[in-house]
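Undergrad: I would like the atomic coordinates for the input below:
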Amino acid sequence: MEHINWYPGHMKKTKEMIQENLKLVHVVIELLDARLPLSSKNPVIDEIIRDKKRIVLLNKSDLADSKVTKQWVEYYSKRGIKAIPVNAINGEGFNDLFKELELENKIINEKSARKRQLRVMIVGIPNVGKSSLINKILGKKSTKTGNKPGVTRGKQWVNMREGIQLLDTPGILWPKFEDLEVGLKLAYVGSIKDEVINLEEVALKFLELMKANYKQELVERYKLDDVETKTSLEMMEDISKSRGFLLSGNRYDYARAARTILDEYRNGIIGKISIERPTE
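TA: Numbers count the residues shown, from 1 in each chain. As a prediction, the model looks like this:
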């Protein structure tokens, strides 16, 4: 896979802004993609957050393999981090999130002589669902509370619910592709624009992953035979033939087949597929 430049110059500015705002909050919510928690995080986030209380949200859990997601929850638990599978579109898992936040709210108020509001910040890479999450949490009844002392002009505190406020500020961190495998995995789920990648190459790699970990789903969706003995290219040709993705002269339309395979995966049509496992 070709090298992808996905580390914008303003990353440094964003990192500094998050560090600046970190002292204003009690809890950081780190939003990850449940299908690939390691590749969908920024490697500098641990360095930024340090010992600040963190809750990990494994978003798009409805598209991930539930058995693997459970393994990820245990993985984070062993590291002292609460991980909660969520669906930012329909709000699944939000009750567990608010229970955890209310527990933290209780803890900070037990240590304080006066009533305090729990302040929260959400961070995540692009396309992991941060906007959907915030919109779903706040709903139409959200109210901005105005600027607070020590908050840079333009930043707002928004009431998530009684006693809990969200710092409404960009918490976007870009992934750093030190390993091209990370770029490939993000391409599977559509976190990289299709225009800057070789879709056919990505789809062929994805078929390899499916053959290794989700053979049954692959066979059932595309009615494939002899998967064991076939290369990913031969499987793509079989899919092209069965779907009628052919060009003049009966040539295979690899581009259309590749887009179909990736679109069907991203939309959950092939099945609940996780890209990364804690055991890897």
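
Undergrad: then the lengthiest helix in the chain to CSV, C-alphas only?
TA: In terms of residue count, the longest helix belonging to the chain (DSSP state H) is helix 94-110. Presented in CSV, the C-alpha positions along helix 94-110 are these (Å, rounded to 0.1, in the frame of the first residue of the first chain):
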residue,chain,number,x,y,z
PHE,A,94,-25.0,5.6,26.9
ASN,A,95,-26.6,4.5,30.2
ASP,A,96,-23.4,2.7,31.1
LEU,A,97,-21.4,5.9,30.2
PHE,A,98,-23.6,8.1,32.4
LYS,A,99,-23.4,5.7,35.3
GLU,A,100,-19.6,5.9,35.1
LEU,A,101,-19.7,9.7,34.9
GLU,A,102,-22.1,10.0,37.8
LEU,A,103,-19.8,7.8,39.9
GLU,A,104,-16.9,10.2,39.1
ASN,A,105,-19.2,13.2,39.9
LYS,A,106,-19.9,11.7,43.3
ILE,A,107,-16.2,11.1,43.9
ILE,A,108,-15.2,14.7,43.1
ASN,A,109,-18.0,16.1,45.3
GLU,A,110,-17.0,13.9,48.2
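
Undergrad: From the contact counts, what lies against it?
TA: strand 27-33, strand 53-59, strand 82-85, strand 118-124, strand 164-168 (3 or more C-beta pairs under 8 Å, 6 or more residues apart in numbering; DSSP states H and E). C-beta: built from backbone N, CA, C; applies to glycine.

Undergrad: and the second one with strand 27-33, angle?
TA: Right, the one you point to is strand 53-59. 20 degrees (axes from the mean of the first three to the mean of the last three C-alpha atoms, to 10 degrees).

Undergrad: So which residues of the stretch 101-250 of the chain form strands?
TA: All strands of the stretch 101-250 of the chain, identified by DSSP state E, counting those that start in this stretch, fall at 118-124, 156-161, 164-168, 246-247.

Undergrad: Format those as JSON lines; extra columns: mean neighbour count, distance to E228 and mean pLDDT.
TA: Below are the strands of the stretch 101-250 of the chain laid out as JSON lines (neighbours: other C-beta atoms under 10 Å; distance: least, C-beta to C-beta, whole Å; pLDDT from 0 to 100):
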{"stretch": "strand 118-124", "mean neighbour count": "23", "distance to E228": "39", "mean pLDDT": "91"}
{"stretch": "strand 156-161", "mean neighbour count": "18", "distance to E228": "51", "mean pLDDT": "85"}
{"stretch": "strand 164-168", "mean neighbour count": "20", "distance to E228": "50", "mean pLDDT": "87"}
{"stretch": "strand 246-247", "mean neighbour count": "13", "distance to E228": "26", "mean pLDDT": "96"}
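
Undergrad: Can you add distance to Q19 and give these back as TSV?
TA: Converted to TSV, the strands of the stretch 101-250 of the chain look like this (distance: least, C-beta to C-beta, whole Å):
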stretch	distance to Q19
strand 118-124	11
strand 156-161	18
strand 164-168	13
strand 246-247	53
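
Undergrad: Out of those strands, the one nearest I48 is which?
TA: strand 118-124 (8.1 Å; C-beta to C-beta).
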